[in-house]
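Asks: sequence plus the predicted model coming up.
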Amino acid sequence: MDVVENQVVARPSAARQPSFWTEFQDYYARVPDKWLFVTLLGGWAVLFQFVGISSFNFGTTEPSLFEWLYNAWNTVALDCSQGNLIPFVVLALFWVKRQELASSISGVWWPGLTLVGLSLLVHVAGFLAQQPRLSMIALFAGIWGIIGLVWGRRTLRASFFPMVLFAFCMPLGTFAQPVTLPLRMLAATFTRTICHGVLGIDVVQQGTSLLDPHDVKFNYDVAVQCSGIRSFVALLAVATVFAMLCLKSPWKRLLMMVSTVPLVVFCNVLRLVVVILITQAYSRKEGMWVHEWFGFVTYMIAIGSLLAIAHWVREKPLPANP
């Protein structure tokens, strides 16, 4: 009897995806003039570290623009804590666009020096006028100019989208009042209309305040922190990133970004209505608890609404040729 031997047939293994470190080394090797960029970037950072600001506020003790930015981002009254995350988002987007950026490099482009020079002038103006926000604009515009100087005009254009997100780092402070006051008034008016006209809750509006006429249950003021400006900036950043990465049509991109305004107003009004409802049904203590925590629910609603809009305007694949 013949003995049949079992043989294991070797199958071609699926190609493994390269690890992050392997892919990083590959793109790092493809980028020319790295040390020139690092040297220029380091010198630019040293300038803003030691001669960054001339007015000390938000707890700053050194003339460092970086310290000023960090303290401003973590000052509750300024509502700009998203600034701590934006640099990491920008780096992540540079990684996402790595193929486009690597293929766009053409070498040193001397006109890029003009952008760096203009940024330096803006910083000098901000330093002399004691306006750190001008110096912040100069910092990021100068970094963008260095990118163009070292790697060329096409790379300058390709890196515009990640770099423009640094605008969301801007500590607005009192500069946001032309936006926050109308948002506060709008939220208070809609909330009073819904509570009084639809739900039958007796609510009196005085400016941005919502009052119980009997002064028993509630006395709320739609403060600057409750205007929705923080949610607006965060949602606008999310919508901008998604629109620029996933959509090609300019009107679809604009629609995604503009839709953040009604979403923020709707979610803010919803939160205020729920707070008044809970206060009316139970007590001010429960209403304040909802005030503190219901914002997470409204934020998820806003994100879900953005995803629904994105699904609606998504790019349709072209039909295959028969």
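Replies: Noted; the coordinates are in hand.
Asks: center of this structure, which residue is that?
Replies: Central residue of the chain (CA atoms, centre = their mean): residue 237, 3.4 Å from the mean position.
Asks: so that residue is in which element?
Replies: helix 229-246 (DSSP states H and E).
Asks: who touches that helix?
Replies: For helix 229-246, the external contacting residues (CB atoms under 8 Å, 6 or more residues apart in numbering) are 79-82, 86, 89, 93, 96, 161, 165, 168, 172, 176, 179-180, 183, 252-253, 256-257, 259-261, 263-264, 267-268, 295, 298-299, 302-303, 306, 310, 314-315. The C-beta positions use only the backbone N, C-alpha and C, and glycine is treated the same way.
Asks: what pLDDT, on average, does stretch 125-139 get?
Replies: What stretch 125-139 shows for mean pLDDT is 95.
Asks: shaky segments in the stretch 1-150 of the chain?
Replies: Applying pLDDT under 70 to the stretch 1-150 of the chain flags residues 1-16.
Asks: and the strands in the chain?
Replies: 204-206, 209-211, 219-221 (DSSP state E).
Asks: among the ones you listed, which is the most enclosed?
Replies: Mean neighbour count (mean count of other CB atoms under 10 Å) peaks for strand 209-211 among these, with a mean of 19.
Asks: output the contacting helices and strands for it.
Replies: helix 177-192, strand 204-206, strand 219-221 (3 or more CB pairs under 8 Å, 6 or more residues apart in numbering; DSSP states H and E).
Asks: adjacent strands (with direction) for it?
Replies: Partners of strand 209-211 in the sheet, by DSSP bridges, are strand 204-206 (antiparallel), strand 219-221 (antiparallel).
Asks: rebuild those as a markdown table, extending it with distance to residue 67 and mean pLDDT.
Replies: A markdown table is the format used below for the strands paired with strand 209-211 (distance: least, CB to CB, whole Å; pLDDT from 0 to 100):
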| stretch | distance to residue 67 | mean pLDDT |
| --- | --- | --- |
| strand 204-206 | 41 | 85 |
| strand 219-221 | 33 | 77 |
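Asks: who's in contact with residue 310?
Replies: With CB under 8 Å, 6+ apart, residue 310 has these contacts: 242, 246, 247, 256.
Asks: then residue 247?
Replies: Contacts of residue 247 (CB under 8 Å, 6+ apart): 253, 256, 310, 313, 314, 315.
Asks: again, only using 10 Å
Replies: 253, 254, 255, 256, 310, 313, 314, 315 (CB atoms under 10 Å, 6 or more residues apart in numbering).
Asks: equivalent analysis for residue 25, please.
Replies: Counting by CB under 10 Å, 6+ apart, residue 25 has contacts 18, 19.
Asks: what's the separation between it and residue 48?
Replies: 30 Å (CB to CB, to the nearest Å).
Asks: and what of residue 191?
Replies: 43 Å.
Asks: which one of the contacts of residue 247 is nearest to residue 32?
Replies: residue 253 (32.2 Å; CB to CB).
Asks: correct me, but that closest one touches residue 309?
Replies: No - assessed by CB atoms under 10 Å, residue 253 is found out of contact with residue 309, at 11.6 Å.
Asks: correct me if wrong: residue 276 contacts residue 198.
Replies: No - using CB under 10 Å, residue 276 is not in contact with residue 198; the gap is 11.9 Å.
Asks: between the two, who's got more neighbours?
Replies: residue 276 (25 against 9; other CB atoms under 10 Å).
Asks: wait, doesn't residue 300 sit right on residue 267?
Replies: Yes - between residue 300 and residue 267 there is a contact at 9.5 Å, judged by CB under 10 Å.
Asks: so those two - more neighbours on which side?
Replies: Between residue 300 and residue 267, residue 267 has the larger neighbour count (other CB under 10 Å), namely 24 against 11.
Asks: nothing else from me, thank you.
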